[in-house]
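A.B. asks: Based on what follows, work out the 3D shape:
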Amino acid sequence: MPRPRYAQVSLAATPYYHCVSRCVRRAFLCGADSITGNSFEHRRQWVEDKLLELAKVFCIDLCAYAVMSNHYHVVLHIHDEQATTLSNIEVIDRWHQLFNGSLLSQRFERNEALSKSELIALNKQIELWRTRLMDISWFMRCINEGIARQANEEDNCTGRFWEGRYKCQALLDEAALAACMAYVDLNPIRAAIEKTPETSKYTSIKQRINKAKSVTAPNHPGQQSKNLMPFLGNPRKHMPHGLPFRLSDYIELVEWTGRIMRDDKCGYIKNTLPPILDRLNIDPKHWIYMAHHFESQFKGLVGTAYLLKQACQHLGYTRTPGIKSCLEYFP
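C.D. replies: Numbers count the residues shown, from 1 in each chain. Presented below is the predicted three-dimensional model:
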C-alpha cells in the first residue's frame, strides 16, 4: 500500500527528493500523438516555465529536471533555513504570488491597521504558509493544477490531466543525489528522443551547459544559472548552500554516461572515468545500470544501508524497504 507523503519526507533524513508526475493513462498529453497526428509539444514548455517560476517563489531549490511527452522528473532540495528566515511580509508576498491569500493578509499588505486579535489570526496563517512554502506536495500541486487547467481549457474539456499521486524518492547521500540527477538529465537520451545533453530540450542539463558556454568561470556559483541550485565543488567544512560537486565534473559525468548507455558498450576505461565517479566510490558497471534503471530499481529511500536505516527510524518504519538494492549499488 502506498505510503502518505508525510511518511516519505523527513528533513532529519535528507533535504533532497526525486519526484515524478505522469499524465493519466500515461497518454502523450505533452507530446505528439502518433494516432491523431495532434502535437502538444508546446505543453512541455509550459511545464518547464512553471517549474522555473515556482522555484523562485517556494523555498525549494530545483536541482535537476526533465520534461518528457507524458511525464516529468524533478530533483528538489528543501531549503528550510530560507523559509525560517523569511519575514512575515516576505511570506505573504510569496504566498500572494500563488494564491489570493486572505482578507487579513491583503489588508496587512496594504498597510491597513489590524486589531490585536486580527494580528494573532494573521500570524497563524503566516506560519501555515511558511510551512507550505517548503512543502514538496504543495510545490507539485501548484505545478500540476496550473498545467491541468491550461490543457483542459485548450482541449475544451474537463477531468484529470495528471495521475492522482506523484512518485517520491528520498536521496540520502551524495552518490544517490548524483546518480538520480544524471538519470533525470539523461531521460531524453535514454528514450532516444535526443542525441546529446546539450541538445536535450526541456532539461536542466541543457540550461546548465548553455549558461556555462557563455561565461568565463562556469564553476563559480555566481556565474551559473540563476534558476537552478548552483554547484559549489567538493564537500567541505562549513559548506555553503549548493550542490556538493563541481559543475564541470557533473557535466563531464553526464556526457560520459550518455556516450556509453548502449548495450554493446561496457564503457568503463579507467583513464576516462570522470573524477566525481571515483570520489563517490561507485563501480562503473553499477553507475551505468543506475543511469538506466534508477527509478525502477530503488524504493522510496535511496542511499547507503547505514543512512537508509537511519531514515527509516526517523520516519517510524518498522521495516527497511529497498535495502538489498542499496547494499549492492551504494557500498
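A.B. asks: Now name the helix or strand holding the residue positioned nearest the centre of the chain.
C.D. replies: With distances taken as Cα atoms, centre = their mean, Val75 lies nearest the centre of the chain, 2.0 Å away. Following DSSP states H and E, one finds Val75 within strand 71-78.
A.B. asks: Could you pull out the helices in the stretch 201-331 of the chain for me?
C.D. replies: Taking DSSP state H, counting those that start in this stretch to define them, one finds helices in the stretch 201-331 of the chain at 204-213, 247-260, 275-279, 284-297, 305-315, 323-329.
A.B. asks: Export these to JSON lines and append columns for distance to Gly159.
C.D. replies: Every residue, glycine included, has its C-beta placed from N, CA and C. Output for the helices of the stretch 201-331 of the chain, formatted as JSON lines (distance: least, Cβ to Cβ, whole Å):
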{"stretch": "helix 204-213", "distance to Gly159": "30"}
{"stretch": "helix 247-260", "distance to Gly159": "37"}
{"stretch": "helix 275-279", "distance to Gly159": "44"}
{"stretch": "helix 284-297", "distance to Gly159": "26"}
{"stretch": "helix 305-315", "distance to Gly159": "34"}
{"stretch": "helix 323-329", "distance to Gly159": "36"}
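A.B. asks: Stretch 155-171: which residues count as buried?
C.D. replies: 161-163, 166-171 (16 or more other Cβ atoms under 10 Å).
A.B. asks: and the least confident of those residues?
C.D. replies: Least confident entry in the buried residues of stretch 155-171, by pLDDT: Glu163, with 88.
A.B. asks: quick revisit: could you report the pLDDT at the residue nearest to the centre of the chain?
C.D. replies: Looking at Val75, its pLDDT is 98.
A.B. asks: now swap in Ala7 and tell me
C.D. replies: Looking at Ala7, its pLDDT is 56.
A.B. asks: roughly how far apart are Asn38 and Phe28?
C.D. replies: 9 Å (Cβ to Cβ, to the nearest Å).
A.B. asks: Between these two, tell me which one has more neighbours.
C.D. replies: With neighbours defined as other Cβ atoms under 10 Å, Asn38 and Phe28 compare such that Phe28 has more, 20 against 11.
A.B. asks: Surely the more buried one is within a helix?
C.D. replies: No: assigned with DSSP: H, G, I helix; E, B strand; the rest coil, Phe28 falls outside any helix and is coil.
A.B. asks: what's near enough to touch Trp46?
C.D. replies: By Cβ atoms under 8 Å, 6 or more residues apart in numbering, the contact list for Trp46 reads 147, 150-151.
A.B. asks: what do you get if the cut-off is 7 Å, keeping everything else the same?
C.D. replies: Contact analysis of Trp46 by Cβ atoms under 7 Å, 6 or more residues apart in numbering lists 147, 150.
A.B. asks: Where do the strands of the stretch 101-250 of the chain begin and end?
C.D. replies: With strands called from DSSP state E, counting those that start in this stretch, the stretch 101-250 of the chain shows them at 167-171.
A.B. asks: For the chain, give the helix that spans the most residues.
C.D. replies: Ranked by residue count under DSSP state H, the longest helix found in the chain is helix 136-155.
A.B. asks: And that helix, what's buried?
C.D. replies: By neighbour count with 16+ other Cβ under 10 Å, helix 136-155 contains the buried residues 136-140, 142-144, 146-148, 151.
A.B. asks: Now pLDDT and distance to Ala12 too, for those residues, in JSON lines please.
C.D. replies: Converted to JSON lines, those look like this (pLDDT from 0 to 100; distance: Cβ to Cβ, whole Å):
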{"residue": "Ile136", "pLDDT": "95", "distance to Ala12": "15"}
{"residue": "Ser137", "pLDDT": "94", "distance to Ala12": "18"}
{"residue": "Trp138", "pLDDT": "96", "distance to Ala12": "20"}
{"residue": "Phe139", "pLDDT": "97", "distance to Ala12": "20"}
{"residue": "Met140", "pLDDT": "96", "distance to Ala12": "21"}
{"residue": "Cys142", "pLDDT": "96", "distance to Ala12": "25"}
{"residue": "Ile143", "pLDDT": "95", "distance to Ala12": "26"}
{"residue": "Asn144", "pLDDT": "95", "distance to Ala12": "27"}
{"residue": "Gly146", "pLDDT": "93", "distance to Ala12": "31"}
{"residue": "Ile147", "pLDDT": "93", "distance to Ala12": "32"}
{"residue": "Ala148", "pLDDT": "92", "distance to Ala12": "33"}
{"residue": "Ala151", "pLDDT": "90", "distance to Ala12": "37"}
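A.B. asks: No further questions, thank you.
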